[in-house]
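[1] mind folding the following:
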Amino acid sequence: MKTYLGVSSLFLFVFTCLTLSCTKTSVAPIRQIPSSTKHLDRYINATLKRKGIQPSKRSDDAEFLRRVYLDLTGKIPTPDEVLDFLKDGSSNKRQRKIEQLLISDAYFDYWTELWINWLIGRRGDRDSHRVGLTLWVREELTNNIPYNRFVQELITADGELRNNGAVNYILRYRHSPPSLTSHASRLFLGLPMQCAECHDHKTEIWTQADYYGIAAFFTGIKSERKKYIDGIDMIGNKMKIRNYLITDKPEETIWVESLGTQVHPRFLDGTEYKGSLLKKRGALAQWMTDKSNPYFSQAIVNRIWKHFMGRAFVEPVDGFGEENQPTNPELLKWLANDFVIHGYDLQHLMRTILNSETYQRTSQTIESNKNDQLYYSHAYVKPLSAEQFFSSLLQATGFERLQQVRMEGMKKKNRKKRQDLLRQLERMKREHLKKFIFLLDNGEMEEIEAFNGTIPQALMMINGNMVNDSTNHEELGSFINYVLGKWREPMERMEYIYLNVLSRLPTAKEKTYFRRYLERNLYSDKDLAYEDLYWVLLNSVEFSLNH
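    Numbering: from 1, shown residues only. Predicted coordinates:
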């Protein structure tokens, strides 16, 4: 842990003053803002007017840029990206930035990761091949496959794992049709049907017969182990992958002990399936994704809205029901219908939301809306997910650059050792991420969805090598070493540190305080003051939130 003289006073100041006042890309084509964006804002503003709530002002450019980078790429922008955006005087620069990010590698990587976590969880399964599913999902997103087709391919996936990455979703839940039923109904329909596995739902209309009617569509899934196949994991090591063949057996029913009967495949509207037993998963997929099924389109709109806006129309996102109505049902239905009309295009839905004045409002509240947590009068502050926090910390610390510099001293002829160290770097990154996601709690490994500043996470943040190495100004390749070598003026150094960590320039008040801090600095080595500033910003509340 850092114990530099004077750090406590600086730490206290920054935590007081840093209130929420707050990639590789291609050239994106200029698109018109979707007309649906105006409809969205009209719905929201009409609701605010009815409720007597005044909306907050538009976010400034720095606040918007950091937010949209975190939401679309899962990490903060670089200092150069922030400066370029702040200097851009064009009126449509926000729209252009959205388009640029939507075709960036960082976007496809991050949203692939999101979908993998939604589909099989962070831990996955011993047999389901996470990398295979990752490659499949990324290709689907890169080609902007319509969402209804994306889900159909997952529900009906069969064949060998090596030939069809979507098989890994079925493989994850293959031993339990009820588990697959619960997961698919929550993720794709937003329906929490799992209670009906043991008894009729206490507060909703779903019965055990309804639940097992859907589970019967998943009976007869056969997984056959095949020979191992060669593969490459994420860190470049050769590995053997167990290959599986997924097929369907002609099983028609599922036995339900509590009902004392066999249950046949049946849709939630009560219609029994009478078709081929070898095609029943296809029939279920068609029913789930049909235009007449309101749950399907509303569930994904609700989930995407939650990701960008911080609060879903229906909370939790998989909690649709008669007893849990949307906060803005008209807008949810309208957005879902617009999503269907535009061919289940996820990027159209994202453009609609991201270009809206509703999304681009500041998180600063005013007297009129300081208590609003339902109607989107201001941007809601969101804790970073574990992946967002880790990726942003990785970027802000220059962790990879530091490790690369450490390897530069090796001679080229020692190629094998360099490759081993590169693989070690990837392993280190994965291990750091695991520490953010899984915390030892009462002897159990608990999965953490978001960085909420819990004590174990904070201790790792303060004591972690990733942070301490990057703040050491004597460490060749560290971020602070880079800053001190590139700039001589104290304010230039300070500005770059702020841009790197908080994606904004320091305020006049922050500059004044830091000047005074430098003047009364008791260090014999004045450069240590920049280490303190950098360390404090990395540990600030502002860094750990999306606002």
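
[2] please report the distance of the one residue sitting closest to the centre of the chain from residue 108.
    Closest residue to the average C-alpha location of the chain: residue 114 at 4.9 Å, with Cα atoms, centre = their mean. Taking Cβ to Cβ, to the nearest Å as the criterion, residue 114 is separated from residue 108 by 11 Å. C-beta here means a position set from N, CA and C on the backbone, and glycine is covered the same way.

[3] for residue 45, same thing?
    Note on residue 45: its distance to residue 108, by Cβ to Cβ, is 33 Å.

[4] rewinding a little: so what sits against both of residue 114 and residue 108?
    In terms of Cβ atoms under 8 Å, 6 or more residues apart in numbering, residue 114 and residue 108 are not both contacted by any residue.

[5] what residues are up against residue 308?
    Neighbouring residues of residue 308 by Cβ under 8 Å, 6+ apart: 71, 350, 353-354, 359.

[6] just the C-alphas of the host helix or strand of residue 296, formatted as PDB.
    Following DSSP states H and E, one finds residue 296 within helix 294-309. Below are the C-alpha coordinates for helix 294-309, written out as PDB (Å, rounded to 0.1, in the frame of the first residue of the first chain):
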ATOM      1  CA  PRO A 294     -44.900  -9.300 -27.300                       C
ATOM      2  CA  TYR A 295     -42.600 -10.800 -24.700                       C
ATOM      3  CA  PHE A 296     -39.800 -11.400 -27.100                       C
ATOM      4  CA  SER A 297     -39.200  -7.900 -28.500                       C
ATOM      5  CA  GLN A 298     -40.000  -6.200 -25.200                       C
ATOM      6  CA  ALA A 299     -37.600  -8.400 -23.300                       C
ATOM      7  CA  ILE A 300     -34.600  -7.400 -25.400                       C
ATOM      8  CA  VAL A 301     -35.600  -3.700 -25.600                       C
ATOM      9  CA  ASN A 302     -35.900  -3.700 -21.800                       C
ATOM     10  CA  ARG A 303     -32.500  -5.300 -21.400                       C
ATOM     11  CA  ILE A 304     -30.700  -2.900 -23.900                       C
ATOM     12  CA  TRP A 305     -32.500   0.100 -22.300                       C
ATOM     13  CA  LYS A 306     -31.300  -1.000 -18.900                       C
ATOM     14  CA  HIS A 307     -27.700  -1.200 -20.100                       C
ATOM     15  CA  PHE A 308     -27.700   2.300 -21.500                       C
ATOM     16  CA  MET A 309     -30.000   4.100 -19.200                       C
END
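
[7] go through it and flag the buried ones.
    295-309 (16 or more other Cβ atoms under 10 Å).

[8] domain map for this structure?
    7-11+383-546, 28-102+296-380, 107-290 (automatic domain parsing).

[9] can you tell me the SS state at residue 396?
    Secondary structure for residue 396, judged by DSSP: H, G, I helix; E, B strand; the rest coil, is helix.

[10] check contacts around it.
    So residue 396 contacts 76, 470, 479, 500-501, 538, 543 (Cβ under 8 Å, 6+ apart).

[11] go with 7 Å
    76, 500-501, 538 (Cβ atoms under 7 Å, 6 or more residues apart in numbering).

[12] same question for residue 185.
    Contact analysis of residue 185 by Cβ under 7 Å, 6+ apart lists 191, 193, 214.

[13] in TSV: the residues you listed, plus secondary structure and pLDDT.
    Shown next, in TSV, are those (DSSP: H, G, I helix; E, B strand; the rest coil; pLDDT from 0 to 100):
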residue	secondary structure	pLDDT
191	coil	92
193	coil	80
214	helix	92
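
[14] buried residues in the helix or strand the residue nearest to the centre of the chain falls within?
    Element membership for residue 114, per DSSP H and E: helix 105-120. For helix 105-120, the neighbour count (16+ other Cβ under 10 Å) marks 106-117, 119-120 as buried.

[15] pull the CA coordinates from stretch 518-532 and hand them back as CSV.
    Extracted in CSV, the C-alpha atoms of stretch 518-532 (Å, rounded to 0.1, in the frame of the first residue of the first chain):
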residue,chain,number,x,y,z
LEU,A,518,3.0,21.2,-5.0
GLU,A,519,4.2,24.3,-3.3
ARG,A,520,3.9,22.9,0.2
ASN,A,521,4.9,19.4,-0.9
LEU,A,522,7.3,18.0,1.8
TYR,A,523,8.8,15.3,-0.5
SER,A,524,12.5,15.6,-1.3
ASP,A,525,11.5,14.1,-4.7
LYS,A,526,8.8,16.4,-6.1
ASP,A,527,7.8,13.8,-8.7
LEU,A,528,6.2,11.8,-5.9
ALA,A,529,3.4,14.4,-5.8
TYR,A,530,2.3,13.2,-9.3
GLU,A,531,2.2,9.6,-8.1
ASP,A,532,-0.1,10.7,-5.3
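
[16] chain center to the helix holding residue 114: distance?
    With Cα atoms, centre = their mean, to the nearest Å as the basis, helix 105-120 stands 7 Å off its chain's centre.

[17] name the residues that touch it?
    23-24, 72-74, 101, 128, 130, 133-134, 137-138, 141-142, 169, 172, 187, 387.

[18] let me know the angle separating it from helix 294-309.
    130 degrees (axes from the mean of the first three to the mean of the last three Cα atoms, to 10 degrees).

[19] CA atoms only: put helix 105-120 into PDB for me.
    Extracted as PDB, the C-alpha positions of helix 105-120 are listed here (Å, rounded to 0.1, in the frame of the first residue of the first chain):
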ATOM      1  CA  ASP A 105     -13.300  -3.800 -32.700                       C
ATOM      2  CA  ALA A 106     -13.700  -2.700 -29.100                       C
ATOM      3  CA  TYR A 107     -17.500  -2.600 -29.600                       C
ATOM      4  CA  PHE A 108     -17.700  -6.100 -31.000                       C
ATOM      5  CA  ASP A 109     -15.400  -7.500 -28.400                       C
ATOM      6  CA  TYR A 110     -17.300  -5.900 -25.500                       C
ATOM      7  CA  TRP A 111     -20.800  -6.900 -26.700                       C
ATOM      8  CA  THR A 112     -19.600 -10.400 -27.400                       C
ATOM      9  CA  GLU A 113     -18.400 -10.600 -23.800                       C
ATOM     10  CA  LEU A 114     -21.800  -9.300 -22.600                       C
ATOM     11  CA  TRP A 115     -23.700 -11.900 -24.600                       C
ATOM     12  CA  ILE A 116     -21.500 -14.700 -23.500                       C
ATOM     13  CA  ASN A 117     -22.100 -13.800 -19.800                       C
ATOM     14  CA  TRP A 118     -25.800 -13.600 -20.500                       C
ATOM     15  CA  LEU A 119     -25.900 -16.900 -22.300                       C
ATOM     16  CA  ILE A 120     -23.700 -19.200 -20.100                       C
END
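
[20] ok, then the element right after that helix?
    Downstream of helix 105-120, the first helix or strand assigned by DSSP H and E is helix 130-142.

[21] what's that following helix packed up against?
    When contacts are defined as 3 or more Cβ pairs under 7 Å, 6 or more residues apart in numbering; DSSP states H and E, helix 130-142 packs onto helix 105-120, helix 167-172.
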